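**Q** Fold the following, please.
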Amino acid sequence: MNFFDIDLQYQKYKKQLDLNIFKTLKSTQFILGKEVRKFEKQIAKISQTKYAVGTSSGTDSLLIALLSIGIKQGDEVITSSFSWLSVVEVILLIGAKPIYVDININDFNINHLDIKKKINKKTKAIITTSLFGYPSELKKIRKLAKREKIKLIEDSAQSFGAKIDGKPLSKYADVTCYSFFPSKILGAFGDAGGVVTDDKSIYNKLIAIRNHGQKKYGISNKFIGLNARLDEIQASILNMKIKIYKNEIVKRNYVVNKFIKLLSNQGIIGYTEVEKNKSHVYGQFSLLVKKRKSFINYFKNKGIPTKIFYPQPLYRQYQQNLLFKKKHTEFCCAHIVSIPINIYSNKRFEKVYSCLKSLIKKDEKIFYKKKNLSN
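**A** Below you'll find the model as predicted:
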């Protein structure tokens, strides 16, 4: 049993996917062709932004976004201490300084009140990561960024399709970055990403930087750029899969709500608390448990894989050796675990559901109950 059911998704849509790939191969247009242009138009429309740029990965999306807003060596960029390492990686690559903020224990996202405390004259940007498919406190953070005249980059690598007040998360940021890694809500068959914005000046820099710093071939470059273009074949795959992502989000919510009902009926807590004005796309279903090793081993013995997102804080990556600790981040790194969300096989879903149900019955002490979750 796989953690992600990409295999079953491909089997279901094999005919359409293979056709799109074959058409691209037949065209022999492999770099910045009509498939990329078509996909960019579609993600701009979904994001409700004027501009969209296809990129080679979610990581490159973040790097290009930082470069497009002028982040340079010595600048400070505020970000969450609990996320995938790409965020801090790109900040350090530029020579900027990451300033880490703790998270909310009830949704795993960056705490806006802690952001407020970290802003100073060196602060040039904030990167929010809407983790596991759930929106960060973007409305509050946007107001703060505007007041302080700081650029806001939203990392929606895991939350394509999520909304606040019915609006895509891209409506609350200066620049929004996507990852279309195979396991994402909208996934390619390899690395792929995207960046969207309403700012024409930023857009012009984005399209130049992702293509060696040039807007047109042979024209003198204004920027030092990257080779970070979205591949035409990956775009052709995404152009097919973009037709089904909404339906998949509905199915993912259906599955996860089954898990949540099972847990909540036993008074178990530790998963994201969804607010009424926000939608969750459930890139992952993550749960805080008291005895993670016991939880993982129980699932493993039943032939079910689990994942840990993430085992250590970002401030321990890349040998930064920072001495401070973030309370909620440290707690989550020690107790979080994710289980599969299977939407293409009822048999697989039932296996995961039954395993979770039997573990609750066997040993409730593995889980956090009401009033005893550490915060």
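**Q** Let's test this: mean pLDDT of stretch 102-112, rounded?
**A** Averaged over stretch 102-112, pLDDT sits at 97.
**Q** Buried residues in it, which are they?
**A** Within stretch 102-112, the residues that qualify as buried by neighbour count (16 or more other Cβ atoms under 10 Å) are 102-112. The C-beta positions use only the backbone N, C-alpha and C, and glycine is treated the same way.
**Q** Let me see the residues that make contact with that stretch.
**A** Stretch 102-112 has contacts (Cβ atoms under 8 Å, 6 or more residues apart in numbering) with 79-82, 101, 114, 128-132, 134-137, 140-141, 144, 272-273, 286, 326-329, 331-332, 336, 373, 375.
**Q** how long is that stretch from one end to the other?
**A** Terminal residues of stretch 102-112 lie 9 Å apart, using Cα to Cα, to the nearest Å.
**Q** Would you map the strands across this structure?
**A** Counting by DSSP state E, the chain has strands at residues 51-55, 76-80, 97-101, 123-129, 151-155, 163-164, 167-168, 175-179, 193-197, 268-269, 285-288, 336-339, 368-369.
**Q** Tabulate these in JSON lines, adding columns for mean neighbour count and distance to residue 65.
**A** Formatted as JSON lines, these follow (neighbours: other Cβ atoms under 10 Å; distance: least, Cβ to Cβ, whole Å):
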{"stretch": "strand 51-55", "mean neighbour count": "26", "distance to residue 65": "9"}
{"stretch": "strand 76-80", "mean neighbour count": "26", "distance to residue 65": "11"}
{"stretch": "strand 97-101", "mean neighbour count": "21", "distance to residue 65": "15"}
{"stretch": "strand 123-129", "mean neighbour count": "25", "distance to residue 65": "8"}
{"stretch": "strand 151-155", "mean neighbour count": "26", "distance to residue 65": "5"}
{"stretch": "strand 163-164", "mean neighbour count": "18", "distance to residue 65": "20"}
{"stretch": "strand 167-168", "mean neighbour count": "18", "distance to residue 65": "16"}
{"stretch": "strand 175-179", "mean neighbour count": "30", "distance to residue 65": "5"}
{"stretch": "strand 193-197", "mean neighbour count": "29", "distance to residue 65": "6"}
{"stretch": "strand 268-269", "mean neighbour count": "20", "distance to residue 65": "35"}
{"stretch": "strand 285-288", "mean neighbour count": "22", "distance to residue 65": "25"}
{"stretch": "strand 336-339", "mean neighbour count": "20", "distance to residue 65": "27"}
{"stretch": "strand 368-369", "mean neighbour count": "17", "distance to residue 65": "36"}
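**Q** can these go into TSV with extra columns for distance to residue 294?
**A** Shown next, in TSV, are those (distance: least, Cβ to Cβ, whole Å):
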stretch	distance to residue 294
strand 51-55	41
strand 76-80	28
strand 97-101	30
strand 123-129	29
strand 151-155	32
strand 163-164	37
strand 167-168	39
strand 175-179	32
strand 193-197	37
strand 268-269	15
strand 285-288	13
strand 336-339	10
strand 368-369	13
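**Q** distance between stretch 187-203 and the chain's centre?
**A** Chain-centre distance of stretch 187-203: 13 Å, with Cα atoms, centre = their mean, to the nearest Å.
**Q** Let's test this: mean pLDDT of it, rounded?
**A** The average pLDDT for stretch 187-203 rounds to 98.
**Q** Alpha carbons of that stretch, as CSV, please.
**A** What follows is stretch 187-203, C-alpha atoms only, in CSV (Å, rounded to 0.1, in the frame of the first residue of the first chain):
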residue,chain,number,x,y,z
GLY,A,187,0.5,17.1,-9.2
ALA,A,188,2.7,16.6,-12.3
PHE,A,189,4.7,13.5,-13.1
GLY,A,190,7.9,15.2,-11.9
ASP,A,191,9.0,18.5,-10.5
ALA,A,192,6.9,21.5,-11.5
GLY,A,193,5.7,24.8,-9.9
GLY,A,194,4.1,28.1,-10.5
VAL,A,195,4.0,31.7,-9.3
VAL,A,196,1.1,34.2,-9.5
THR,A,197,0.8,37.9,-8.8
ASP,A,198,-1.3,41.0,-9.7
ASP,A,199,1.8,43.2,-9.8
LYS,A,200,3.0,43.8,-13.4
SER,A,201,6.5,44.9,-12.3
ILE,A,202,7.0,41.7,-10.3
TYR,A,203,5.6,39.6,-13.1
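**Q** and it, which residues are buried?
**A** Result for stretch 187-203 [16+ other Cβ under 10 Å]: buried residues 187-189, 191-199, 202-203.
**Q** Check stretch 317-336 too.
**A** 317, 326, 328-333, 335-336.
**Q** Out of the residues you listed, the closest to residue 294 would be?
**A** Residue 294 lies nearest to residue 335 out of the buried residues of stretch 317-336, by Cβ to Cβ, at 11.9 Å.
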